[in-house]
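Trainee: Next input, structure requested:
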Amino acid sequence: MLHKRHRASTFGFVLALLVAMTGTSACRMLPPFGTVANPDQQPRIRAGLRTVQVTRGDITSLLVYPGELRPKVGAIVASRVAGRIERMLVEPGATVRQGDVLAELDRSALEVQAVQAQAALAAAEARLATLKAGGDLDAQAEADASLRAAKARLASLETAPPSEAIPALAQAARGARSRLAEIEGGRATAIASADSRLFAARQQLDAALLARPATDATLAASTIAAPSASPVPVAQAQPPTSIEVEEARRAVQEAQQEVARARQPASADELAAARQQLAEAEDALLLARWPVGPSDLDEARANVEAAEARLRRAGQPSSDAAVKAGESAVQYAGAAIELARLQLREATLASPINGIVAETHQQQGATIGVGVPVVTIQPPDYEMAVAVDERQLGQVSPGQNVSVLVDVYAGESFTGTVRSISPSVDPRTRTVSARVDVQDPRSKLKSGLLAQVAVAGARRSGALIVPREAIMGAGDISVMTVVEGRARKQPVQIGVQDGRSVEVTQGLAEGTEIILASVGILDGDIVGQPPQER
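Mentor: Model (predicted):
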């Protein structure tokens, strides 16, 4: 049974929606008291009742079901990455299309992760290329360095100095340590020594230059004083030669150069050489203090053999297992960069459907985690759940187009589609639940509005049609006919109905006059009589 609120609007809906579908019935108002219906007949009193004649016409059954509008299941847009909401672009009530941006998260950290993933992929691809080319260059270099170190260790053990050389080695180590300290501490001692040698060289040069001219003058004076006398040998120092003078000059120049070198800061090569000399001296001293035994030599030789074996393996073509491992590393790095790019894209939250923003759960600037809801989108269309009488299931099917009338929009209909029908019947009401999708292209509907679903059913052509308001009763259906001025109750059987008109399948004939809205009229009541003589 229809709810009173829905029943009152059903007739208005049918009048507005199917006026063109129903057959026309000749409806007339009985004249008021004292009027003549036909001048050739004796006038009768109509008492203000309305009557119509049963006519034939076409009628399409219309099944009307009340219900309430509910929004379809919407979409909750949640964040798939953690971060801070940099921009919130929508607010409740905003209309959005699929793909519209709702919010944006801070992308800086995600961009760094993407760059790191790209670098890791490049490194994995380079290593795979090396493996496929016939060897691992890094492994070869490492194995070669290990071999050189093992050979150097073996050579140092084989040439280890005897214990008798410990004093000399200790002195060499001290000298190397002093030289390193001198270089690292400013080379003051070397500068002083170089200055001393320069001073001595200059003194020697000055003495050589002064001694030669004095010797020549003495010889000349003695010759002039006794020209006729025989020469007498005189004991005297041999004067320096020109070669000795040149050697003294070169000594001064070398000393000057040594002073200049001593005053210059130590270079990196000199410092490295001094440190290497100290390390070698200390290693030699250590070997002399710790005698080398046969086991030490055997161990060193074994290390050399192992290093040679590693170098041979590194120089051989890569095995299938190594290549597969390299390929797996490339795939892993590729997956990592795809994940980084996906997270970078998911920092932009977009609407998955067309609809209206129902709620924003977060504010701009908020820091959120993975899976935290940000925006709720309500779809633009609605749905209704209606109860279909089990006797009418044959006229309702999934995919069927229906009309929907909303009480607040009188005279306007919306398009709907039967989405599904329940597979079971409610044993209490003998009805079946059906789901109807309702389209709202102009966004006029609201959740919770009362509405009615009209389903077009069977169509009858040339059927006997009476107005719906002439039908009385629910179980035993009847109408009130006018027979010789009296109301007569006539049982009838009805067929399809469209909410305004009803098909009569048995009990009436075409042209029979019936009373509309016959509530309170009893069988045998006079509905019309001639006026009384006064």
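Trainee: Could you use CA atoms for every contact and neighbour count after this?
Mentor: Will do.
Trainee: Low-confidence ranges, the stretch 301-450 of the chain, go.
Mentor: Judged by pLDDT under 70, the stretch 301-450 of the chain has its weakly predicted residues at 313-318.
Trainee: Could I get the full set of helices for it?
Mentor: 320-345 (DSSP state H, counting those that start in this stretch).
Trainee: quick one, what contacts the spatially most central residue of the chain?
Mentor: Computing the C-alpha centroid of the chain and ranking residues by CA atoms, centre = their mean puts E346 first, at 2.0 Å. The neighbourhood of E346, defined by CA atoms under 8 Å, 6 or more residues apart in numbering, consists of 79-81.
Trainee: And for K444?
Mentor: If a contact means CA under 8 Å, 6+ apart, then K444 has no contacts.
Trainee: And the one 4 residues further on, by the same measure?
Mentor: Counting by CA under 8 Å, 6+ apart, G448 makes contact with 68-70.
Trainee: pLDDT weak spots in the stretch 1-150 of the chain?
Mentor: Applying pLDDT under 70 to the stretch 1-150 of the chain flags residues 1-47, 134-140.
Trainee: can you rerun that using 90?
Mentor: Counting by pLDDT under 90, the stretch 1-150 of the chain has low-confidence residues at 1-51, 59-64, 71-75, 93, 95, 109, 113, 124-150.
Trainee: residue ranges of the helices in it, please?
Mentor: Chain-ordered helices for the stretch 1-150 of the chain, with DSSP H, counting those that start in this stretch as the definition, fall at 4-17, 108-133, 137-158.
Trainee: one step back: of the contacts of E346, which is the nearest to R179?
Mentor: Minimum distance to R179 across the contacts of E346 is 62.8 Å, recorded for V81 (CA to CA).
Trainee: okay, now that closest one: neighbour count?
Mentor: Taking other CA atoms under 10 Å as the criterion, the count of residues near V81 is 20.
Trainee: next one: the one 4 residues further on
Mentor: Neighbour count of I85, defined by other CA under 10 Å: 22.
Trainee: Given the longest strand along the chain, what are its sheet partners and their directions?
Mentor: The residue-count maximum for a strand in the chain (DSSP state E) belongs to strand 450-467. Paired strands of strand 450-467, with direction, are strand 55-68 (antiparallel), strand 401-406 (antiparallel), strand 501-506 (antiparallel) (DSSP bridges).
Trainee: Would you mind measuring from G365 to T55?
Mentor: 74 Å (CA to CA, to the nearest Å).
Trainee: These two: which is more packed in?
Mentor: T55 (19 against 14).
Trainee: Report the beta-bridge partners for the more buried one.
Mentor: What pairs with T55, by the bridge criterion (DSSP bridges), is I465.
Trainee: Look up how far I465 lies from it.
Mentor: 6 Å.
Trainee: D100 now?
Mentor: Using CA to CA, one gets 55 Å for the distance from D100 to I465.
Trainee: for E91, same thing?
Mentor: 55 Å.
Trainee: now S447
Mentor: Applying CA to CA to S447 and I465 gives a distance of 38 Å.
Trainee: The two - which one has more neighbours?
Mentor: Neighbour totals were compared for S447 and I465, and I465 leads with 28 against 12 (other CA under 10 Å).
Trainee: Surely that one touches D498?
Mentor: No: with the criterion set as CA atoms under 8 Å, I465 and D498 do not qualify as a contacting pair; they are 10.7 Å apart.
Trainee: Give me the common contacts of these two.
Mentor: Among the neighbours of I465, those also in contact with D498 (CA under 8 Å, 6+ apart) are I59.
Trainee: hang on, the earlier thing: list the buried residues of the longest strand of the chain.
Mentor: When neighbours are counted by 16 or more other CA atoms under 10 Å, the buried residues of strand 450-467 are found to be 450-458, 460, 463-467.
Trainee: now stretch 68-76
Mentor: 68-72, 74-76.
Trainee: which among those residues gets closest to L147?
Mentor: I76 (64.5 Å).
Trainee: Count the residues that sit near the closest residue to the closest one other than its chain neighbours.
Mentor: Using CA to CA, 6 or more residues apart in numbering and skipping the chain neighbours, the partner closest in space to I76 is T376 (4.4 Å). The tally of other residues near T376 (other CA under 10 Å) stands at 20.
Trainee: And A321, by the same measure?
Mentor: Taking other CA under 10 Å as the neighbour definition, A321 ends up with a count of 9.
Trainee: do you know how far it is from A129?
Mentor: A321 is 14 Å from A129, by CA to CA.
Trainee: what do you get for I421?
Mentor: Looking at I421 against A129, where the rule is CA to CA, the gap reads 62 Å.
Trainee: now swap in R430 and tell me
Mentor: 75 Å.
Trainee: One more: T348?
Mentor: When CA to CA is the yardstick, T348 and A129 sit 36 Å from each other.
Trainee: For those two, indicate the residue with more neighbours.
Mentor: The neighbour comparison of T348 against A129 (other CA under 10 Å) goes to T348, with 19 against 16.
Trainee: what's the burial count for the nearest residue to that one once chain neighbours are set aside?
Mentor: The shortest distance from T348 to any residue that is not its chain neighbour, by CA to CA, 6+ apart, is 4.6 Å, and that residue is E104. Other residues near E104 number 21, with proximity taken as other CA under 10 Å.
Trainee: likewise G473?
Mentor: Other residues within reach of G473 by the criterion other CA under 10 Å amount to 9.
Trainee: Next: A141.
Mentor: Neighbourhood size, A141 [other CA under 10 Å]: 14.
Trainee: Can you give the contact residues for stretch 75-94?
Mentor: Defining contact as CA under 8 Å, 6+ apart, one finds that stretch 75-94 is touched by 101-106, 343, 346-347, 349-353, 356-360, 363-379.
Trainee: which among those end up buried?
Mentor: Buried, going by 16+ other CA under 10 Å: 101-106, 343, 346-347, 349-353, 356-360, 368, 372-379, out of the contacts of stretch 75-94.
Trainee: wait, isn't E308 in contact with A149?
Mentor: No: using CA under 8 Å as the test, E308 is too far from A149 to be in contact (11.2 Å).
Trainee: Tell me which of these two has more neighbours.
Mentor: The neighbour comparison of E308 against A149 (other CA under 10 Å) goes to E308, with 19 against 15.
Trainee: Give the closest residue to the more buried one in space, chain neighbours not counted.
Mentor: The shortest distance from E308 to any residue other than its chain neighbours is 6.1 Å, reached at L147 (CA to CA, 6+ apart).
Trainee: Ok, A176 next?
Mentor: Distances taken as CA to CA, 6+ apart put L278 closest to A176, at 4.9 Å, once the chain neighbours are dropped.
Trainee: And for D320, the neighbour number?
Mentor: Residues within reach of D320, counting by other CA under 10 Å, total 11.
Trainee: wait, what's in contact with it?
Mentor: Contact partners of D320, counting by CA under 8 Å, 6+ apart, are absent.
Trainee: cutoff 10 Å now
Mentor: By CA atoms under 10 Å, 6 or more residues apart in numbering, the contact list for D320 reads 131-132, 326.
Trainee: so the residue nearest to A176 sits right up against S178, yeah?
Mentor: Yes: L278 sits in contact with S178 when judged by CA atoms under 10 Å, with a separation of 9.3 Å.
Trainee: shared neighbours of these two, which are they?
Mentor: Common contacts of L278 and S178 (CA under 10 Å, 6+ apart): A172.
Trainee: of the two, who's got more company?
Mentor: Per other CA under 10 Å, whichever of L278 and S178 has more neighbours is L278, with 21 against 14.
Trainee: Tell me the confidence at that one?
Mentor: Reading off the confidence values, L278 has pLDDT 79.
Trainee: Tell me the backbone dihedrals of it, please.
Mentor: Backbone geometry at L278, expressed as degrees, to the nearest 10, gives phi -60, psi -40.
Trainee: How about the one 4 residues further on?
Mentor: E282 adopts backbone torsions of phi -70, psi -40, taken as degrees, to the nearest 10.
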